[in-house]
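> dropping the sequence and predicted coords here.
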Amino acid sequence: MDVMEMENDVYFNKSLTMEELITKDVQRRKPPSRCLTVSLGLLCAVLLAGNIGQIIYYEIAVHHLSAEASPSPRLDSLQGGDERKSCEARLSNATGETKKLQQRLDSLTNERDRLQTGFHKIKNERDQMRTSYNASRRESDRLRTSYDDVQRKLKGLQSDYDKVTARNNRLRIEYDGLQKEKSKQRSSLQQLQRNHSSLRRDMDQLGRNYDEMSSRITRLQSRYDSLRRDNEQLKANHSGLLTDEHQLRTLLDAVRRSRMCDTGWTKFNTGCYFVSTEKKNWTSSREECIANGADLVVVDSRDEQVFINRLVNSTQNAWIGLNDFYQEGKWMWVDGSAITTRYWQDDQPNSYGGEQDCGELVPSGTSSGIGEWNDDGCFAVQIWICEK
């Protein structure tokens with residue numbers, strides 16, 4: 001129990017020191033009371049242990065005296081009676097002392113309970129003070145925030161005041177300038193009044209000029225009508241020229257169909273086609289076609305695609321006139337025309353590695369197939385197809 005009271009005392013003092021919620025007078029008074037309680041408790045324990053030892057010693061002595069034989073019963077009786085009286089006196093004293101110690105122990109227990117009650121009371125007061133402290137701190141933070149807001153508003157008002165002051169100064173300067181300008185305007189007004197008469201005379205002259213311009217506009221309108229009639233006649237002539245051009249193209253196609261192709265070339269519709277036996281890269285292949293008055297083949301229709309597919313061995317790919325040199329992903333024919341029909345393989349063109357800018361024919365391997373297109377590196381060496 002005493003050890004527990006000491007531990008409680010240590011915890012109590014630590015809690016009070018950490019929170020700093022009690023006064024210095026309480027801190028000065030409490031430690032001596034605790035020390036006194038512990039000292040008295042220890043003293044009671046020592047005295048109680050001494051009394052118990054005396055009682056045990058008395059019992060041992062009485063039994064020892066009773067067991068021993070004495071040759072002189074009268075003398076032994078006298079000595080035993082004195083010893084018994086002495087022991088009874090000492091036992092009576094010890095019993096009285098024990099009662100006093102018990103009373104003291106009860107008093108100390110009551111003191112401990114009272115101090116424990118005081119401890120709980122102070123602990124509650126500490127909790128209340130902590131709650132009050134937290135509330136005060138929150139209030140302080142709120143006031144600090146409000147203060148900062150007021151400071152910002154004050155700075156904003158000061159800034160607005162400075163702006164208004166500066167604007168007022170500018171307005172005053174402008175007012176002075178307007179006063180000077182007013183004087184100048186009065187002088188200008190007088191000059192304008194003098195000029196008004198001159199302007200009226202000029203207006204009369206402009207009226208006469210307007211009449212002359214109206215006559216010129218009438219003449220220009222007549223000329224415009226004549227030019228419009230000439231333009232309509234030119235449009236009619238242009239339509240006739242387009243009809244003549246169509247007739248000439250039809251005649252030219254007929255001539256091309258009737259002409260014979262050179263040896264080694266194969267005829268299809270109005271064109272002649274050549275499939276090489278040697279292999280070169282795309283650029284060299286086109287140079288070979290141009291040297292023979294042709295160019296790499298340009299596919300304009302499905303029938304033409306089927307035709308060139310039949311020309312090529314199914315085991316060889318062949319260069320055609322497709323490329324995207326000028327803009328990545330924008331495929332054009334060598335004659336500058338855009339693609340109108342598309343026969344790309346699945347997921348093609350993909351410009352694998354960023355270096356596939358030339359188109360090739362991938363034959364289907366059957367006479368009824370149409371073949372497919374693929375993009376490949378222009379440096380690859382393979383056969384080619386010319387068209388003229």
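Sure, I can see it. Numbers count the residues shown, from 1 in each chain.
> only C-alpha atoms from now on, for both contacts and neighbour counts.
OK.
> immediately after the longest helix along the chain, which helix or strand?
Longest helix in the chain by number of residues (criterion: DSSP state H): helix 73-258. As assigned by DSSP states H and E, the chain's next helix or strand after helix 73-258 is strand 266-268.
> dead centre of the chain: give me the residue that sits there.
Nearest to the geometric centre of the chain sits Thr145, at 29.7 Å (Cα atoms, centre = their mean).
> okay, that residue: pLDDT?
Here the pLDDT value assigned to Thr145 is 92.
> and the one 3 residues further on, by the same measure?
Note on Asp148: pLDDT of 92.
> neighbours of it, how many?
12 (other Cα atoms under 10 Å).
> what does Gln128 give?
Other residues close to Gln128 by other Cα under 10 Å number 13.
> below-threshold pLDDT in this protein: ranges please.
Applying pLDDT under 70 to the chain flags the ranges 1-33, 58-59, 61-80, 252-258, 367-368.
> okay, now the domains of it?
Following automatic domain parsing, one finds the domains of the chain at 2-150, 262-387.
> of those, flag the one that's most buried.
The highest mean neighbour count among these, using mean count of other Cα atoms under 10 Å, belongs to domain 262-387: a mean of 17.
> excluding chain neighbours, what is closest to Asn317?
Val362 (5.0 Å; Cα to Cα, 6 or more residues apart in numbering).
> before we move on, the earlier item: make CSV out of the domains of the chain and add distance to Ser197.
As requested, those are exported to CSV (distance: least, Cα to Cα, whole Å):
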stretch, distance to Ser197
domain 2-150, 67
domain 262-387, 70
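> of all those, which one is nearest Ser159?
Ser159 lies closest to domain 2-150 among these, at 13.8 Å (Cα to Cα).
> A helix includes Pro349, no?
No - looking at Pro349 with DSSP: H, G, I helix; E, B strand; the rest coil, it is coil, so not inside a helix.
> give the phi and psi angles for it, as a check.
phi -80, psi 150 (degrees, to the nearest 10).
> need the contact list for the nearest residue to it once chain neighbours are set aside.
Closest residue to Pro349 apart from its sequence neighbours, by Cα to Cα, 6+ apart: Asp375 at 5.4 Å. Neighbouring residues of Asp375 by Cα atoms under 8 Å, 6 or more residues apart in numbering: Gln348, Pro349, Asn350, Ser351, Gln356, Asp357, Cys358, Gly359, Glu360.
> which one of those residues is nearest Ala49?
Ala49 lies nearest to Asn350 out of those, by Cα to Cα, at 104.4 Å.
> quick one: the closest one and Asp357, what's the gap?
Distance check for Asn350 against Asp357: by Cα to Cα, to the nearest Å, it reads 10 Å.
> so how far is the longest helix of the chain off the chain centroid?
20 Å (Cα atoms, centre = their mean, to the nearest Å).
> other SSEs contacting that helix?
Here helix 73-258 touches helix 2-19, helix 24-67, going by 3 or more Cα pairs under 8 Å, 6 or more residues apart in numbering; DSSP states H and E.
> what does whichever strand or helix holds Ser285 contact?
Using DSSP H and E, Ser285 falls within helix 282-291. Residues from elsewhere that reach helix 282-291, judged by Cα under 8 Å, 6+ apart: 279, 295-296, 319, 358, 378-381, 383-384, 386-387.
> closest to Ser222 out of those residues?
Among these, Asp295 lies closest to Ser222 (Cα to Cα), at 55.1 Å.
> who are the neighbours in contact with that closest one?
Neighbouring residues of Asp295 by Cα under 8 Å, 6+ apart: Arg286, Glu287, Cys289, Gly321, Val334, Cys386, Glu387, Lys388.
> if I look at the closest residue to it other than its chain neighbours, how far off is Asp141?
Among residues not flanking Asp295 along the chain, Cys289 sits closest, at 4.8 Å (Cα to Cα, 6+ apart). Distance, Cys289 to Asp141, using Cα to Cα: 89 Å.
> give me the neighbour count for Cys261.
By other Cα under 10 Å, 18 other residues sit near Cys261.
> how much space separates it from Phe307?
Relative to Phe307, and taking Cα to Cα, Cys261 is found at 16 Å.
> can you say which helix or strand has Thr341 in it?
Element membership for Thr341 (DSSP H and E) is empty, with no helix or strand holding it.
> so how far is Glu372 from it?
According to Cα to Cα, Thr341 stands 11 Å off from Glu372.
> likewise Glu139?
82 Å.
> contact partners for Leu43?
Not one residue lies near Leu43 by Cα under 8 Å, 6+ apart.
> now it: how far from Arg90?
Counting by Cα to Cα, the separation of Leu43 from Arg90 is 20 Å.
> what's the answer for Asp262, then?
Distance, Asp262 to Arg90, using Cα to Cα: 156 Å.
> next up, phi/psi of Phe274, please.
phi -130, psi 130.
> surely it touches Cys386?
Yes - between Phe274 and Cys386 there is a contact under Cα atoms under 8 Å: 5.0 Å.
> hang on, the earlier thing: how far off centre is the helix holding Ser285?
In terms of Cα atoms, centre = their mean, the gap separating the centre of helix 282-291 from the centre of its chain is 55 Å.
> what of stretch 351-358?
Distance of stretch 351-358 from its chain centroid, counting by Cα atoms, centre = their mean, is 36 Å.
> what about it, how long is it end to end?
9 Å.
> cool, stretch 339-353 as well?
Note: stretch 339-353 ends 23 Å apart using Cα to Cα.
> hmm, back to that, gap between the residue nearest to Asn317 and Arg200?
In terms of Cα to Cα, Val362 sits 88 Å off from Arg200.
> all set now, cheers.
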